[in-house]
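J.: I would like the atomic coordinates for the input below:
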Amino acid sequence: MTGRPLSVSWHLSYRCNLECPHCYTRQFRYADLSEKECEVAAQKLLCFGVRMVGFGGGEPLCHPALTAAAAALAPEAVCSLTSNGVFWSITRARELRQAGLASVAFSIDFPTAEENAAFRQCYDYADRVIRAVACAKEAGFDVGICCTIMRSNRTRLDAMVEWASTHGAEWVRFNSLKCVGNAHKLSALEPAEWRSAYQILDELSARSPIPLDFGQGSEPLVDVALHEIGSPRAVSVSDRLERGSLCGKSTFCVRPDGTVTPCSYLDLPVGNVLRDDLEALWESATLSRLRDRVADSKCAACGHWDLCRGGCPASAYAATGDACAPDPGCWNRLADERLWQEAS
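T.: Numbers count the residues shown, from 1 in each chain. You can find the predicted model right below:
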């Protein structure tokens with residue numbers, strides 16, 4: 001059997017109090033599991049060897065079983081969640097911390113209150129996140145900020161780090177925009193812009209007052225960029241948990257009704273956590289194909305293949321309909337194609 005997953009992204013509900021332009025889940029409609037079903041699912045995940053669970057969605061606090069699900073997992077698994085922060089209070093924060101949740105990331109994407117209000121369609125969104133950070137810290141959470149890198153904020157990543165540090169966040173996680181769900185309407189960054197953004201974040205990491213996570217060791221093209229610029233933060237092939245994307249190799253996603261997919265962004269169902277045997281799902285043809293991606297001629301000739309393995313399957317699927325196609329965000333492929341076109 002292929003090595004079992006270490007972590008799971010569990011989307012308890014796709015219900016949400018906001019309509020964010022970059023949300024990747026608003027296209028889906030699933031019935032939520034009951035509290036009892038969540039507890040059964042939690043036990044199956046633990047028995048399968050999962051030791052890290054990140055609750056997402058949707059807004060996890062929209063599901064009444066969040067506390068019960070966390071409590072069922074917490075004795076054996078490290079539990080975290082990502083939230084928009086709107087529903088947080090000190091009472092709710094203490095309840096979730098007591099249930100065993102260890103860390104929380106609050107989503108915010110711009111350094112000014114006006115931009116956040118317009119983007120989230122919530123006039124006091126930034127203030128609500130600031131209050132949520134304070135409540136979570138008082139309750140004993142490890143608290144960070146989650147920011148999605150987009151065309152509209154890519155030149156102000158330093159300002160986001162300053163905002164997070166000023167308002168009490170202990171770290172910042174930068175996610176690369178995936179053009180799925182609502183986000184397919186947004187303009188994707190060009191490959192060279194992705195490389196530039198990763199270089200900026202690498203330089204910021206060297207002087208940031210708080211730690212920055214922008215996909216080092218998990219996002220294949222981030223690691224390629226860090227190797228190309230000679231960053232001391234570059235992760236070697238031998239130090240990576242997996243070669244290429246972690247999708248379907250050391251992690252998978254559970255959707256609100258128990259549907260299992262390779263990752264949060266990739267709409268390729270392989271079964272259901274309640275109805276199916278997890279070992280059988282883990283050995284499914286879909287996941288096996290993701291683990292055994294084959295390089296085309298351009299990727300095979302690239303010196304980063306062992307590190308990258310074709311890049312992000314979700315980005316490839318969104319662009320081509322094939323999760324095993326090369327990542328459309330790869331700047332090296334684009335350069336090769338332009339040279340070939342010029343030579344022709």
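J.: without its sequence neighbours, what residue ends up closest to residue 110?
T.: Counting by CB to CB, 6 or more residues apart in numbering, residue 110 lies nearest to residue 116, which is 5.0 Å off, once chain neighbours are set aside. For glycine as for every other residue, the C-beta is placed from the backbone atoms N, C-alpha and C.
J.: next one: residue 117
T.: residue 123 (5.0 Å).
J.: how far does whichever strand or helix holds the residue nearest to residue 110 sit from its chain's centre?
T.: Using DSSP states H and E, the element containing residue 116 is helix 113-120. Relative to the chain's own centre, helix 113-120 is displaced by 22 Å; criterion: CA atoms, centre = their mean, to the nearest Å.
J.: for the next helix or strand along the chain from it, which residues meet the burial criterion?
T.: For helix 113-120, the following helix or strand on the C-terminal side (DSSP H and E) is helix 125-139. Neighbour-count burial for helix 125-139 flags 125-126, 128-137, 139 (criterion: 16 or more other CB atoms under 10 Å).
J.: quote the end-to-end distance of stretch 287-302.
T.: In terms of CA to CA, to the nearest Å, the two terminal residues of stretch 287-302 are separated by 24 Å.
J.: and the contacts of it?
T.: 2, 244-245, 247-249, 252, 262, 270, 281, 305, 308-310, 313, 323-324, 326, 332-333, 336-337 (CB atoms under 8 Å, 6 or more residues apart in numbering).
J.: if any of those are buried, put those into a PyMOL selection.
T.: Buried residues within these, by 16+ other CB under 10 Å, are selected in PyMOL with:
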select buried, resi 244+245+247+248+249+252+262+270+281+305+308+309+310+313+323+324+326+332+333+336
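J.: can you list the buried residues of helix 125-139 in a markdown table and add distance to residue 60?
T.: Output for the buried residues of helix 125-139, formatted as a markdown table (distance: CB to CB, whole Å):
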| residue | distance to residue 60 |
| --- | --- |
| 125 | 17 |
| 126 | 20 |
| 128 | 16 |
| 129 | 15 |
| 130 | 20 |
| 131 | 18 |
| 132 | 13 |
| 133 | 16 |
| 134 | 19 |
| 135 | 15 |
| 136 | 13 |
| 137 | 18 |
| 139 | 16 |
